[in-house]
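Participant: Below are the sequence and a predicted model for it; my questions follow.
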Amino acid sequence: MSNSLVILGSQWGDEGKGKIVDLLAPEYEYIVRYQGGSNAGHTVIVGNKKYALHLIPSGILHDGKKNIITNGVVIALEELLREMKKVSDVVGNFEGKLFISDRAHIVFPHHKILDGLSEKAKGKNKVGTTLKGIGPAYMAKYARTGIRIADIFDPPYFRERLKASVSEAKEITEKVYGERFDIDINKVYFQTLKMFEKIENLVADTSLMLDKALRENKKVLFEGAQGTMLDIDMGTYPYVTSSNSSALGLCNGTGVSPKLIGTAKVYGVSKAYVTRVGAGPFPTELLDKDGQKLRDEGFEYGTTTGRPRRTGWLDLVALRFASRINGMDGIIITKLDVLDHFNEIKVAVAYEYEGKEIRDFPAQLKILEKCKPIYKTLKGWDKSTKGIKKKEDIPDEAWEFIRIIEKETDTPVVMLSTGPERTEYVWVR
């Protein structure tokens with residue numbers, strides 16, 4: 001039996017995974033981030049201090065943990081160093097606490113330029129990226145023009161790779177987009193070497209580390225970024241992220257055999273409602289006062305971008321889909337307390353499309369855009385659930401809400417998060 005657990009988002013991201021990983025981290029020796037980049041944002045509150053983590057695993061705020069950034073992550077070195085500085089008051093010396101894969105790809109300034117130009121060129125059809133250069137960095141990876149952490153150990157080779165990459169970006173910027181390109185290769189080269197000096201002692205073969213840990217049955221917690229519905233293959237394409245943000249990305253994102261990960265438990269984190277940042281279909285979106293109330297009560301503004309999030313009722317068609325493709329063993333519901341003062345609470349149990357009922361999440365964007373949610377309306381509980389820690393304190397109406405989720409997804413709800421603090425949660429299964 002595996003001692004491993006996967007925590008991932010089961011919606012469009014921003015589900016509160018950071019708090020859950022932070023909460024569970026004391027039970028695990030390894031905390032592993034396996035995909036995405038600084039486009040992800042996890043907020044963890046410790047005491048009266050708030051930490052926004054974008055690259056570093058949430059376990060960094062706990063003593064004695066090995067925090068790993070694997071090969072599936074794309075890393076902007078300047079942002080990693082900035083983040084390390086922010087948590088240095090808690091962490092101290094990072095050696096032995098943070099490990100960075102030698103196979104991870106690097107996000108460079110020209111990737112961010114290309115990201116912005118690509119979004120601008122799409123006009124009204126833009127995806128709504130964070131403009132952090134994540135997409136172009138993954139594009140370079142798959143075009144075999146990317147640069148890995150390992151490449152910097154050989155400066156002449158790194159310079160050669162960088163020159164080719166920047167030259168290509170210059171061609172695209174000037175000839176495709178008709179814009180001026182003024183990145184200095186020498187400046188980027190020396191800046192990168194200088195930044196690399198600060199993390200060189202943290203670089204490791206993380207694939208080998210994890211293989212050894214799993215074979216020794218060590219306790220490993222895998223931390224997903226973004227959410228299942230943003231997965232490059234299984235999400236609402238093309239309004240998705242650039243990596244596999246579902247459990248499907250775990251093996252290739254860590255370099256670990258499926259035989260070693262296959263028995264890990266998978267918990268999907270879901271808000272008690274739904275939010276989304278950027279463009280793309282959103283069947284249960286609320287554009288009325290209820291949507292604004294969810295945004296205000298839940299303080300729904302992006303950790304990475306600061307953008308107001310779109311809000312809507314809980315979509316059990318999407319959650320059912322997420323549970324199936326991730327093989328979820330349990331659901332963790334966050335922000336239950338945001339629903340405390342709604343007289344009625346709705347959950348979508350199916351969609352209606354051209355007079356027909358759909359219970360499975362469709363791949364075709366045109367169909368999804370025309371789907372209307374079929375709601376089940378529940379009575380609100382109209383009492384505070386904030387900070388409750390005992391099952392006995394959960395209102396009867398909230399239990400009915402939980403039962404509907406379990407019935408429609410065929411997945412047990414295992415935990416409720418009832419506030420942003422570490423201590424505000426209750427195990428229900």
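Facilitator: Yep, it's here.
Participant: count of neighbours near Leu208?
Facilitator: Using other Cβ atoms under 10 Å, Leu208 has 11 neighbouring residues. Just so you know, the C-beta spots here come from the backbone N, C-alpha and C atoms, and that holds for glycine as well.
Participant: element containing Ser270?
Facilitator: Using DSSP states H and E, Ser270 sits within strand 265-271.
Participant: tell me the mean pLDDT over that strand?
Facilitator: In this model, strand 265-271 has an average pLDDT of 98.
Participant: Dump that strand to CSV, restricted to CA.
Facilitator: Output of strand 265-271 as CSV, limited to C-alpha atoms (Å, rounded to 0.1, in the frame of the first residue of the first chain):
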residue,chain,number,x,y,z
LYS,A,265,-4.6,8.2,-3.1
VAL,A,266,-6.0,11.1,-5.0
TYR,A,267,-7.9,13.9,-3.4
GLY,A,268,-9.5,16.5,-5.5
VAL,A,269,-10.0,20.0,-4.1
SER,A,270,-13.2,21.8,-5.0
LYS,A,271,-14.8,25.0,-3.8
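Participant: hmm, who's touching that strand?
Facilitator: Residues from elsewhere that reach strand 265-271, judged by Cβ atoms under 8 Å, 6 or more residues apart in numbering: 2, 4-11, 14-17, 20, 228, 247, 298, 314, 319, 322-323, 326-335, 338, 411, 414-415.
Participant: which SS class is Ala318?
Facilitator: Assigned with DSSP: H, G, I helix; E, B strand; the rest coil, Ala318 falls in the helix class.
Participant: Against which helices or strands is the longest helix anywhere in the chain packed?
Facilitator: Scanning the chain for the longest helix, with DSSP state H as the assignment, gives helix 155-171. Using 3 or more Cβ pairs under 8 Å, 6 or more residues apart in numbering; DSSP states H and E, the elements in contact with helix 155-171 are helix 109-122, helix 185-199.
Participant: how about that helix as CSV, C-alpha atoms only?
Facilitator: C-alpha atoms of helix 155-171 as CSV (Å, rounded to 0.1, in the frame of the first residue of the first chain):
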residue,chain,number,x,y,z
PRO,A,155,28.2,27.8,-19.8
PRO,A,156,29.4,27.6,-23.4
TYR,A,157,26.6,25.1,-24.3
PHE,A,158,24.1,27.2,-22.4
ARG,A,159,25.2,30.3,-24.3
GLU,A,160,24.8,28.5,-27.6
ARG,A,161,21.3,27.4,-26.7
LEU,A,162,20.3,30.8,-25.4
LYS,A,163,21.6,32.5,-28.5
ALA,A,164,19.5,30.2,-30.7
SER,A,165,16.4,30.6,-28.5
VAL,A,166,16.6,34.4,-28.4
SER,A,167,17.3,34.7,-32.1
GLU,A,168,14.2,32.7,-32.9
ALA,A,169,12.1,34.9,-30.6
LYS,A,170,13.5,38.0,-32.3
GLU,A,171,12.5,36.6,-35.7
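Participant: Domains in this protein, by residue range?
Facilitator: By the assignment in automatic domain parsing, the chain contains the domains 5-100+216-266, 105-198, 269-427.
Participant: For Thr206, find the nearest of the ones you listed.
Facilitator: Thr206 lies closest, by Cβ to Cβ, to one member of the domains of the chain: domain 5-100+216-266, at 5.0 Å.
Participant: ok, back up a step: so which of the contacts of strand 265-271 belong to helices?
Facilitator: Lys17, Ile20, Gly298, Leu319, Ala322, Ser323, Asn326.
Participant: Quick check: the nearest residue to the last one once chain neighbours are set aside vs Glu216, distance?
Facilitator: I take that to be Asn326. Of all residues not flanking Asn326 in the chain, Ala247 sits nearest, at 4.3 Å (Cβ to Cβ, 6 or more residues apart in numbering). Distance, Ala247 to Glu216, by Cβ to Cβ, to the nearest Å: 23 Å.
Participant: of those two, who's got more company?
Facilitator: Ala247 (23 against 9).
Participant: show me where the stretch 301-429 of the chain has helices.
Facilitator: Secondary structure of the stretch 301-429 of the chain, counting by DSSP state H, counting those that start in this stretch: helices at 316-326, 365-370, 396-409.
Participant: you'd agree the residue nearest to Asn326 is up against Gly9?
Facilitator: No: if you go by Cβ atoms under 8 Å, Ala247 and Gly9 don't touch, sitting 10.8 Å apart.
Participant: and for the two, which residues touch both?
Facilitator: Common neighbours of Ala247 and Gly9 are listed as Gly224 (criterion: Cβ under 8 Å, 6+ apart).
Participant: So which of the ones in helices among the contacts of strand 265-271 is the closest to Gly116?
Facilitator: Comparing the ones in helices among the contacts of strand 265-271 against Gly116 with Cβ to Cβ places Lys17 closest, at 27.1 Å.
Participant: Apart from its chain neighbours, what residue comes closest to the closest one?
Facilitator: Val269 (4.9 Å).
Participant: Name whatever forms a beta bridge with that neighbour.
Facilitator: Beta-bridge pairing for Val269 (DSSP bridges): Gly9, Ile332.
Participant: Helix or strand next in line after the host helix or strand of Val32, which one?
Facilitator: Per DSSP H and E: Val32 is located in strand 30-33. Per DSSP H and E, the first helix or strand lying C-terminal to strand 30-33 is strand 42-46.
Participant: Let me know the next secondary structure element after that next one.
Facilitator: Using DSSP H and E, the helix or strand that directly follows strand 42-46 along the chain is strand 49-53.
Participant: That following strand pairs with which strands?
Facilitator: strand 42-46 (antiparallel).
Participant: quick check: mean pLDDT across the strand it pairs with?
Facilitator: Mean predicted lDDT for strand 42-46 stands at 73.
Participant: Could you do stretch 26-36 as well?
Facilitator: 96.
Participant: What of stretch 329-344?
Facilitator: 97.
Participant: Buried residues, it. List them.
Facilitator: Neighbour counts over stretch 329-344 (16 or more other Cβ atoms under 10 Å) mark 329-340, 342 as buried.
Participant: for stretch 197-205, same thing?
Facilitator: Neighbour counts using 16+ other Cβ under 10 Å place Ile199, Leu202, Val203, Ala204, Asp205 of stretch 197-205 among the buried residues.
Participant: and that stretch, how far out from the chain's middle?
Facilitator: Remark: stretch 197-205 is offset 24 Å from the chain centroid, using Cα atoms, centre = their mean, to the nearest Å.
Participant: next one: stretch 243-260
Facilitator: On Cα atoms, centre = their mean, the centre of stretch 243-260 falls 14 Å from that of its chain.
Participant: List the buried residues of that stretch.
Facilitator: Buried, per 16+ other Cβ under 10 Å, within stretch 243-260: 243-256, 260.
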